[in-house]
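1. Build me a model from this:
(2 chains)
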Amino acid sequence: MDINEIIKPENLVYDKPRLMNDNPMHYCPGCSHGVIHKLIAEVIDEMGMEEKTIGIAPVGCAVFAYNYIDIDWEEAAHGRAPAIATAIKRLNPEKMVFTYQGDGDLAAIGTAETIHACNRGENIVIVFVNNAIYGMTGGQMAPTTLEGMVTATCPYGRDVELNGYPLKISNLVAQLDGTCYVTRQSVHTAAAVKKAKKALRQAFENSMNKKGASLVEFVSTCNSGWKMSPDAANKWMEEHMFAKYPLGDLKNV
Amino acid sequence: MTEEVKLMKGNEAIAHAAVRCGADGYFGYPITPQSEIMETLMELKPWETTGMVVLQAESEVAAINMVYGGAGTGKAVMTSSSSPGVSLKQEGISYIAGAELPCLIVNVMRGGPGLGTIQPSQADYFQAVKGGGHGDYRLITLAPASVQEMADFVALGFDLAFKYCNPAMILADGIIGQMMEKVVLPPFRPRRTEEEIRTQMPWAVQGKTAGRKRNVITSLELEPAKMEENNIRFQTKYKEIEKAEVRYEEIGCEDADYLIIAFGSMARICQKTIEMARAEGLKIGLLRPITLWPFPTDIISSYADKVKGMISVELNAGQMVEDVRLAVNGRVKVEHFGRLGGIVPTPDEVLDAIKQKLL
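-> Sure thing, here's the model as predicted:
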């Protein structure tokens, strides 16, 4: 069969999401951010919400998220995205508002904003990428770093005597009356990607149905920070990260 | 048309004026001596009338970031606090200046440093006019000296903020915030419609509509050449503001031998001082900066050759006096008199200080 007979619109099985633009990504090869960006872009497009969506980018690896998904964005100070999202949504209730945050941003410096935006039941979506490390600044300990895990600021492994315990912030947020949906997902296999997209869609729909705050955690790899190949990082995540941060819904009301 | 004259606190006047001037949102956190601002707004329930959003945030940090978020969507948003709380807001103010967003911040100053005292002070002058947060930026700073000006400067602050896409601050103190005076509340003006925001603020994040590029609100630019360009654009804007927006009041300056420079509540006290001085035959004038940045440098400079001495009277250890000295550049003697830590001097105490330091 000639190749030109195959390249036809009716044979198309995969396409770049319309809302992802052509800017070269700064993410490391193997990183989960790219897939998560893609899913968000697809969900916004499929919901027909391109003209009503406002994203809030964090400080951290996803600081330039606004360069990749072709919607309106505000760039937050470190940890403050949920406060910013709160005001945007309250002042513009017809808009679809989401934050995109890493573990340091959401669960360390921004813990107060996370807890209180969720507790107020803000009609927003919080996308939480948990890779257990500060990627952007070069691999320091995060609030979610596992016990014994080696990072630049716990070079002998996270010692709970010294550094306390890994913070399961999603479990905490799930306890709050203001949240309607808290789920833990991953994007390391095709099946996981499919499930994760469904979770994102539900979270975004919740926000427009005024059900309260939804938080979608993505247990992710940081193969550069973990100093592993992408494949080894996925295996390590399955074995160690999923043990501490098991996948699935923590709350769905 | 009959004027609507009310008796109220300066803090309450701010709240009423905010609703009346078409503010879209207020985000705050309680702190003495300015809590009446949010209390009054909550009592007024403007979300039922004008549609204004009022929200008590979990911290001053969250409140200023809510202001950043709302301002980015082209809305007229504000926050208020007092000195320790305004320190917490400094990072957010720097981001707002860096992203070139309009907003209004009210600081009803109390004595510091640290937790200090809840009594009035003007010790945040440096913080307001010299930066406060990180980076080369300027904050339009209005200093009200009456409850009437507390009301009037809300609309003025918003107008200047939107004209220049820059944060503006009302720098009051515990006296102006807490004292009751009669006030004519400003007339109602409607909030901007979505359509007006779209046409007047094309940069606003409102959802990327067909036919335009995405809008991004950010202060981040990693390429030094572009970041320098951004900074040069800010500085050009600041020069424009310095040229066009200086405001001050002169009382008894034309024949004065000596000049008091004072702002806010201290200017009110000094008004009495110059009356007392003139009764004794001492020709003292009062120059009251209304904008602390941009500072009325030129008018103060013009008096350097006309008077025998100047004194900057402030509720601090000597902050504005530095700007007065820069204005006159050594051509005339400039002294400072101040009380600290929440102590407010009497008019005759000021007069004694003038006699001691200038005559």
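
2. Would you mind listing what in the stretch 1-150 of chain A touches chain B?
-> Residues of the stretch 1-150 of chain A lying close to chain B by Cβ under 8 Å from any Cβ of the partner chain are A:50-54, A:56-57, A:63, A:66, A:70-77, A:80, A:83-88, A:90-92, A:95, A:112-113, A:115-116. For every residue, glycine as well, the C-beta is placed using N, CA and C.

3. Which of those residues fall within strands?
-> Within these, residues falling in strands by DSSP state E are A:53-54, A:56-57, A:72-75.

4. now those residues in JSON lines, with pLDDT, neighbour count and distance to residue A:185?
-> Output for those, formatted as JSON lines (pLDDT from 0 to 100; neighbours: other Cβ atoms under 10 Å in any protein chain shown; distance: Cβ to Cβ, whole Å):
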{"residue": "A:53", "pLDDT": "98", "neighbour count": "25", "distance to residue A:185": "20"}
{"residue": "A:54", "pLDDT": "98", "neighbour count": "27", "distance to residue A:185": "23"}
{"residue": "A:56", "pLDDT": "98", "neighbour count": "31", "distance to residue A:185": "20"}
{"residue": "A:57", "pLDDT": "98", "neighbour count": "27", "distance to residue A:185": "20"}
{"residue": "A:72", "pLDDT": "98", "neighbour count": "27", "distance to residue A:185": "25"}
{"residue": "A:73", "pLDDT": "98", "neighbour count": "26", "distance to residue A:185": "23"}
{"residue": "A:74", "pLDDT": "98", "neighbour count": "29", "distance to residue A:185": "25"}
{"residue": "A:75", "pLDDT": "98", "neighbour count": "24", "distance to residue A:185": "25"}
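
5. And the helices in chain A?
-> Using DSSP state H, the helices found in chain A span residues A:3-6, A:33-46, A:81-91, A:103-104, A:111-119, A:160-163, A:169-174, A:190-208, A:223-226, A:230-236, A:242-244.

6. I meant chain B, not that one.
-> B:10-20, B:36-44, B:60-72, B:83-98, B:125-129, B:147-164, B:174-178, B:194-200, B:224-244, B:264-279, B:297-303, B:320-328, B:347-357.

7. Dump the ones you listed to a markdown table, plus mean neighbour count and distance to chain A.
-> Shown next, in a markdown table, are the helices of chain B (neighbours: other Cβ atoms under 10 Å in any protein chain shown; distance: least, Cβ to the nearest Cβ, whole Å):
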| stretch | mean neighbour count | distance to chain A |
| --- | --- | --- |
| helix B:10-20 | 26 | 14 |
| helix B:36-44 | 20 | 14 |
| helix B:60-72 | 31 | 3 |
| helix B:83-98 | 23 | 5 |
| helix B:125-129 | 22 | 19 |
| helix B:147-164 | 22 | 15 |
| helix B:174-178 | 26 | 24 |
| helix B:194-200 | 13 | 9 |
| helix B:224-244 | 13 | 14 |
| helix B:264-279 | 21 | 29 |
| helix B:297-303 | 17 | 33 |
| helix B:320-328 | 20 | 30 |
| helix B:347-357 | 17 | 42 |
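
8. now these as a markdown table including mean pLDDT?
-> As requested, these are exported to a markdown table (pLDDT from 0 to 100):
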| stretch | mean pLDDT |
| --- | --- |
| helix B:10-20 | 98 |
| helix B:36-44 | 98 |
| helix B:60-72 | 98 |
| helix B:83-98 | 98 |
| helix B:125-129 | 98 |
| helix B:147-164 | 98 |
| helix B:174-178 | 97 |
| helix B:194-200 | 96 |
| helix B:224-244 | 98 |
| helix B:264-279 | 98 |
| helix B:297-303 | 98 |
| helix B:320-328 | 98 |
| helix B:347-357 | 98 |
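
9. Ok, which of those helices comes nearest residue A:203?
-> helix B:60-72 (19.4 Å; Cβ to Cβ).

10. how near is residue A:15 to residue A:39?
-> Noted for residue A:15: a distance of 14 Å to residue A:39, by Cβ to Cβ, to the nearest Å.

11. quick one: contacts for the residue of the stretch 201-350 of chain B found nearest chain A?
-> In the stretch 201-350 of chain B, no residue comes nearer to chain A than residue B:218, which is 3.6 Å away by Cβ to the nearest Cβ. The neighbours of residue B:218, taking Cβ atoms under 8 Å, 6 or more residues apart in numbering or on different chains as the test, are A:57, A:66, A:73-75, B:99.

12. What subset of the residues of the stretch 1-150 of chain A next to chain B is buried?
-> Among the residues of the stretch 1-150 of chain A next to chain B, those classed as buried by 16 or more other Cβ atoms under 10 Å in any protein chain shown are A:50, A:52-54, A:56-57, A:63, A:66, A:70-77, A:80, A:83-88, A:90-92, A:95, A:112-113, A:115-116.

13. who's in contact with residue 181?
-> All of this refers to chain A. A:202-203, A:206, A:211, A:214-216, A:249, A:251-253.

14. my bad, the chain I had in mind was chain B
-> So residue B:181 contacts B:7-8, B:10, B:146-148 (Cβ under 8 Å, 6+ apart).

15. What is the most widely separated pair among these?
-> Farthest pair in these, by Cβ to Cβ: B:7 and B:146, 13.0 Å.

16. out of those two, which sits in the more crowded spot?
-> Between residue B:7 and residue B:146, counted using other Cβ atoms under 10 Å in any protein chain shown, residue B:146 has the larger neighbour count: 19 against 10.

17. So what does that one look like in phi/psi?
-> phi -160, psi 170 (degrees, to the nearest 10).

18. hang on, it packs against residue B:180?
-> No. In this structure residue B:146 lies outside contact range of residue B:180 using Cβ atoms under 8 Å: 11.3 Å.

19. Show me where chain A dips below the pLDDT cut-off.
-> Applying pLDDT under 70 to chain A flags no residue at all.

20. Name whatever forms a beta bridge with residue A:73.
-> The partner list for residue A:73 in beta bridges (DSSP bridges) reads residue A:55, residue B:216.

21. Might one say that it is in contact with residue A:53?
-> No. In this structure, residue A:73 is not within contact of residue A:53 by Cβ under 8 Å, at 9.4 Å.

22. Between these two, which contacts overlap?
-> Joint contacts of residue A:73 and residue A:53 (Cβ under 8 Å, 6+ apart) do not exist.

23. domain ranges for chain B?
-> B:5-194, B:249-357 (automatic domain parsing).

24. Of all the ones you listed, which one comes closest to residue A:183?
-> Of all those, domain B:5-194 comes closest under Cβ to Cβ, at 24.3 Å.

25. Return the set of buried residues in stretch A:10-21.
-> A:17, A:19-20.

26. Take these and keep only those in strands.
-> Short answer: the buried residues of stretch A:10-21 have none in strands (DSSP E).

27. Can you tell me which of the helices of chain A is most buried?
-> Of these, the one with the most neighbours on average (mean count of other Cβ atoms under 10 Å in any protein chain shown) is helix A:81-91, at a mean of 30.

28. how much does it deviate in direction from helix A:111-119?
-> 40 degrees (axes from the mean of the first three to the mean of the last three Cα atoms, to 10 degrees).

29. Based on its surroundings, how many neighbours for residue A:79?
-> Residue A:79: 25 neighbours (other Cβ under 10 Å).

30. Identify the residues contacting it.
-> A:58-59, A:105-106, A:108-111, A:113.

31. how does it look with 6 Å?
-> A:105, A:109-110 (Cβ atoms under 6 Å, 6 or more residues apart in numbering or on different chains).

32. Is it possible to get a markdown table of those residues that adds neighbour count?
-> Shown next, in a markdown table, are the contacts of residue A:79 (neighbours: other Cβ atoms under 10 Å in any protein chain shown):
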| residue | neighbour count |
| --- | --- |
| A:105 | 33 |
| A:109 | 18 |
| A:110 | 28 |
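
33. Just those: which are in strands?
-> Checked against DSSP E, the contacts of residue A:79 include nothing in strands.

34. Restricting to C-alpha, output stretch A:83-100 in CSV.
-> Taking Å, rounded to 0.1, in the frame of the first residue of the first chain, the C-alpha atoms of stretch A:83-100 are listed here in CSV:
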residue,chain,number,x,y,z
ALA,A,83,-5.7,32.9,46.0
ILE,A,84,-5.4,34.3,42.5
ALA,A,85,-7.9,31.7,41.2
THR,A,86,-10.3,32.5,44.0
ALA,A,87,-10.5,36.2,43.0
ILE,A,88,-10.7,35.5,39.2
LYS,A,89,-13.5,33.0,39.7
ARG,A,90,-15.4,35.2,42.2
LEU,A,91,-15.1,38.3,40.0
ASN,A,92,-15.8,36.3,36.8
PRO,A,93,-18.2,33.4,37.8
GLU,A,94,-18.9,32.4,34.2
LYS,A,95,-15.2,31.6,33.5
MET,A,96,-13.6,28.2,34.0
VAL,A,97,-10.6,28.7,36.3
PHE,A,98,-7.8,26.3,37.1
THR,A,99,-4.4,26.4,38.8
TYR,A,100,-1.5,24.2,37.8
